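> Need a 3D model of the following:
(one chain, ligands or ions: 1)
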Amino acid sequence: MANYRDKVVLLPPNRVWRSYTGGALLDQISGASTPADNHFPEDWIGSLTRAISPGREEIAEGISTAIVDEQSCDFGTLLASDPDYFLGADHVAKHGPSPMLLIKFLDPAIRLHFQCHPSQEFARRVLNSPSGKTEAYHILRTRPEESAPFIYVGFQRPPDPADLKRWIETQDIAAIEACFDKIPVKRGDTFLIPGGVPHALGPGVFMVEIQEPTDFVARYEFQRGGYELPEAARFMGRDVDFGVSLIDFMPRPLSAIETHSRCGPRDRQERGPASWQETLIGPDQTPCFRVGRTCFADPITKAEDSFYIGIVTAGSLELHVGDQSLQLNTYDKFFCPAGLESLELRPHGNAEILECYPPL
Ligand SMILES: O=P(O)(O)OC[C@H]1O[C@](O)(CO)[C@@H](O)[C@@H]1O
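The predicted model follows:
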């Protein structure tokens, strides 16, 4: 194993097949010569979660590779070599040797399927899993051809469950879509989507997704972008009643979305004359993860109580820790071990880091 102490761990691209299309921007970020949208619209970051994709059961897709001390290794093997150092003894005592976190870049070219994920309570009760799939979106940018970028987070007009079941069976997508209003999004917005809340991301919305570490999804739309979902991939190998049983039918008018789904920033703490750290999602909003952001134009020393996955969401900087010195650019991402006391960050102009923390 590489000499990993007193170093951050870099997380190179880890593209994952999905049933929707996108990824041209991710290609561009990683320097591909001919960026193109295809069925690899996501980059899973610091992932120990295996993707569940129809027809790809034999491929161990989703698990991240890590780079530490200039050596490439399996991220899970690295964490397992010293869980208390990487994750923190308190985290390991409470949650075991798993980060309990999954972060992704999502770069959809098309609107995603109408879908819903189990809540933690549903996952524990029905799926024998400690995690459901509560998720959060932090919008990074939107494609210029999308003049009114949006997401759907429902229902604004909840249907009767029996009607919804019929619309799913007959694929009356217009009727399903009519249960939602478009929620406009822009760079810097953050939304929390608890398990049980039906949703669909709009086209061209490039984001960081922070979520519980599972790939559980029920999809109510069977065809998107010319791809037909096999039956087993629609309701996690179960039937339409199971798919509908995941859904929370509580009405969520746009005013409630603004109050409950749109998050932060708050709890601003000054870190320098032109630098601060703030909370985007705190433990009072979900028990599943926490999200913060550091905006800085001064050199700062950054110390945290727990491990986190950091994503440079604007600008560029030099990161110094011990004898490690790294140049990080926009959309670079890294894992900062719990055992690492502090980092020195020297921005070139204005820079911004999104911090994705595990549950408490
Ligand atoms: O059902 P689809 O279109 O493959 O989308 C699945 C994707 O949707 C999300 O749940 C976001 O809503 C991602 O986490 C996931 O990878």
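> Tell me how many other residues surround the nearest residue to residue 92 once chain neighbours are set aside.
Distances taken as C-beta to C-beta, 6 or more residues apart in numbering place residue 83 nearest to residue 92, at 4.9 Å, with adjacent residues excluded. All C-beta atoms are positioned from the backbone trio N, CA, C, and that covers glycine. When neighbours are counted by other C-beta atoms under 10 Å, residue 83 registers 17.
> do the same with residue 352
Neighbours of residue 352 using other C-beta under 10 Å come to 18.
> quick one: contacts for it?
293, 294, 295, 296, 312, 313, 314, 315 (C-beta atoms under 8 Å, 6 or more residues apart in numbering).
> 7 Å instead, please
For residue 352, the contact set (C-beta atoms under 7 Å, 6 or more residues apart in numbering) comprises 293, 295, 313, 314, 315.
> and the second one, what element?
Read it as residue 295. strand 290-296 (DSSP states H and E).
> in the next helix or strand after that strand, what's buried?
With elements assigned by DSSP H and E, the helix or strand that comes after strand 290-296 is strand 300-302. Within strand 300-302, the residues that count as buried by 16 or more other C-beta atoms under 10 Å are 300, 302.
> list the helices and strands strand 300-302 packs on?
strand 343-347 (3 or more C-beta pairs under 7 Å, 6 or more residues apart in numbering; DSSP states H and E).
> And the pLDDT for the residue nearest to residue 92?
For residue 83, the model assigns a pLDDT of 97.
> could we number from 40 for the rest of this?
Okay, residue one is now 40; in that scheme the one you just asked about reads as residue 122.
> ok, now how distant is it from residue 47?
In this view, residue 122 and residue 47 are 17 Å apart by C-beta to C-beta, to the nearest Å.
> Same check on residue 312?
Residue 312 is 26 Å from residue 47, by C-beta to C-beta.
> Ok, residue 368 next?
Taking C-beta to C-beta, one finds residue 368 at 15 Å from residue 47.
> Among the two, which residue is more densely surrounded?
The neighbour comparison of residue 368 against residue 47 (other C-beta under 10 Å) goes to residue 47, with 20 against 12.
> Surely that one touches residue 364?
No. With contact defined as C-beta atoms under 7 Å, residue 47 does not count as touching residue 364 (10.8 Å).
> tell me which parts of the stretch 90-239 of the chain are close to the ligand?
151, 152, 154, 174, 238 (C-beta under 6 Å from any ligand atom).
> One more pass at 8 Å, please.
90, 92, 143, 145, 151-152, 154, 156, 172, 174, 176, 232, 238-239 (C-beta under 8 Å from any ligand atom).
> Dump those residues into CSV; add distance to residue 100 as well.
CSV is the format used below for these (distance: C-beta to C-beta, whole Å):
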residue, distance to residue 100
90, 4
92, 7
143, 13
145, 16
151, 18
152, 19
154, 19
156, 19
172, 17
174, 19
176, 22
232, 23
238, 23
239, 23
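> Which of those fall within helices?
Residues of these located in helices (DSSP state H): none.
> Residue 75: neighbour count?
12.
> Surely it is within a helix?
No. The assignment for residue 75, made by DSSP: H, G, I helix; E, B strand; the rest coil, is coil rather than a helix.
> Okay, helices next: where are they in the stretch 140-289 of the chain?
159-165, 200-209, 212-216, 279-284 (DSSP state H, counting those that start in this stretch).
> Let me have these in JSON lines, extended by mean neighbour count and mean pLDDT.
Shown next, in JSON lines, are the helices of the stretch 140-289 of the chain (neighbours: other C-beta atoms under 10 Å; pLDDT from 0 to 100):
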{"stretch": "helix 159-165", "mean neighbour count": "16", "mean pLDDT": "97"}
{"stretch": "helix 200-209", "mean neighbour count": "15", "mean pLDDT": "98"}
{"stretch": "helix 212-216", "mean neighbour count": "16", "mean pLDDT": "98"}
{"stretch": "helix 279-284", "mean neighbour count": "16", "mean pLDDT": "98"}
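> do you know which of those lies nearest residue 73?
Minimum separation from residue 73 across those (C-beta to C-beta) falls at helix 212-216, 32.6 Å.
> Show me the domain layout of the protein.
48-300, 305-396 (automatic domain parsing).
> ok, back up a step: go through the contacts of residue 391 and name the one nearest residue 101.
The closest of those, once distances to residue 101 are taken by C-beta to C-beta, is residue 352, at 22.6 Å.
> Now for the closest one: which residues touch it?
179, 369, 391, 392, 393 are the contacts of residue 352 under C-beta under 7 Å, 6+ apart.
> Assign it to helix, strand or coil.
Residue 352 ends up strand, using three-state DSSP.
> that older thread, and the residues of the stretch 90-239 of the chain next to the ligand as TSV, adding pLDDT and neighbour count?
What follows is those, written out as TSV (pLDDT from 0 to 100; neighbours: other C-beta atoms under 10 Å):
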residue	pLDDT	neighbour count
90	96	17
92	90	17
143	98	23
145	98	22
151	98	25
152	97	23
154	98	19
156	98	26
172	98	27
174	98	23
176	98	24
232	98	23
238	98	21
239	98	24
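> among the residues you listed, which are in strands?
143, 145, 154, 174, 176, 232, 238, 239 (DSSP state E).
> ok, the last one touching residue 147?
No. Applying C-beta under 7 Å, one finds residue 239 not in contact with residue 147, separated by 9.8 Å.
> before we move on, back to that, pairing partners for the strand holding residue 334, with directions?
strand 314-320 (antiparallel), strand 390-396 (antiparallel) (DSSP bridges).
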